[in-house]
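Asks: The sequence and its predicted three-dimensional model are supplied below.
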Amino acid sequence: MNCKQGDMAIIVKSWAGNEMKIITCLHLMPAGAEGCDEANGVRWKIDRVLEDSWGRDVTTYPDAWLQPLPGIGAEDVEPLLVAQAPSK
């Protein structure tokens with residue numbers, strides 16, 4: 001497996017143009033769950049909704065198509081996002 005629970009990862013393979021998007025791996029999907037098939041292997045529930053190549057919403061992603069961002073977790077990025085948020 002490439003990722004572990006809580007990892008932030010970059011999508012390195014996609015049939016829908018999702019390459020280079022950053023997601024967080026929330027938890028592994030159980031075998032046989034919706035969207036989990038043998039062809040794509042282990043899937044992660046992710047923290048955002050993406051579109052597949054048919055325009056459908058996707059909330060899981062194959063582990064094999066992800067590359068973890070070493071040393072970066074959601075707890076490291078959230079303060080940066082808050083600091084960069086536009087002031088009202």
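Replies: Done, it's in.

Asks: ok, now how distant is A16 from L28?
Replies: 22 Å (Cβ to Cβ, to the nearest Å). Where you see a C-beta, it was placed from the backbone N, CA and C, and this is true even at glycine.

Asks: Looking at the two, which one has more neighbours?
Replies: Using other Cβ atoms under 10 Å as the criterion, A16 and L28 rank with L28 on top: 18 against 14.

Asks: Find me the pLDDT at the more buried one, would you?
Replies: Looking at L28, its pLDDT stands at 93.

Asks: next one: the one 5 residues further on
Replies: Model confidence at A33, given as pLDDT, is 64.

Asks: Would you check how far apart G17 and Q5 are?
Replies: As for G17, its distance to Q5 is 26 Å (criterion: Cβ to Cβ).

Asks: Now do the strands in this structure.
Replies: For the chain, the strands defined by DSSP state E occupy 7-11, 22-28, 43-51, 57-62, 66-73.

Asks: Who is P68 paired with across the strands?
Replies: A9 (DSSP bridges).

Asks: Contacts only, for it.
Replies: Contacts for P68 were tallied using Cβ atoms under 8 Å, 6 or more residues apart in numbering; they are 2-4, 7-9, 25.
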